[in-house]
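Participant: Could you look at this predicted model? Sequence included:
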Amino acid sequence: MTLSESAARELAQLLDGARACDLAPELVRQALQALIKAEASAALVADRHECTSKRLGCCNGSR
């Protein structure tokens, strides 16, 4: 799993003098978001903004 630049900056800010009780909710949020993105990519047979002939749908809920 790779972090985007903005996510890496957010995480660095949290780590700067943060306690575990402050850091845990953000880590859980980021981990869940990564899982949701991975599940959506697997269900669509394509990554976000990727156009392929095998793509099964759209991420915005339209059909």
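Facilitator: Looks like it arrived, so ask away.

Participant: Name the residues of stretch 16-30 that come out as buried.
Facilitator: The neighbour-count check on stretch 16-30 (16 or more other Cβ atoms under 10 Å) flags Glu26, Gln30 as buried. Any C-beta I mention is one placed from the backbone N, CA and C, and that applies to glycine too.

Participant: Alpha carbons of it, in CSV - could you do that?
Facilitator: Output of stretch 16-30 as CSV, limited to C-alpha atoms (Å, rounded to 0.1, in the frame of the first residue of the first chain):
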residue,chain,number,x,y,z
ASP,A,16,4.9,14.8,15.3
GLY,A,17,4.4,14.6,19.1
ALA,A,18,1.3,12.5,18.9
ARG,A,19,0.1,10.0,21.4
ALA,A,20,-1.2,6.6,20.4
CYS,A,21,-4.7,7.5,21.4
ASP,A,22,-4.5,10.5,19.0
LEU,A,23,-2.9,8.5,16.2
ALA,A,24,-5.0,5.3,16.2
PRO,A,25,-8.3,6.7,14.7
GLU,A,26,-6.4,8.2,11.8
LEU,A,27,-4.5,5.0,11.1
VAL,A,28,-7.7,3.0,11.2
ARG,A,29,-9.4,5.5,8.9
GLN,A,30,-6.6,5.4,6.3
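
Participant: Could you give the average pLDDT over it?
Facilitator: On average, the pLDDT along stretch 16-30 is 79.

Participant: now stretch 37-51
Facilitator: Here the average pLDDT along stretch 37-51 is 80.

Participant: got the end-to-end distance for it?
Facilitator: Distance between the two ends of stretch 37-51: 16 Å, counting by Cα to Cα, to the nearest Å.

Participant: so how far is Lys37 from the residue of the chain most remote from its centre?
Facilitator: Here the chain reaches farthest from its C-alpha mean at Gly17, the gap being 24.5 Å by Cα atoms, centre = their mean. Distance, Gly17 to Lys37, using Cβ to Cβ, to the nearest Å: 29 Å.
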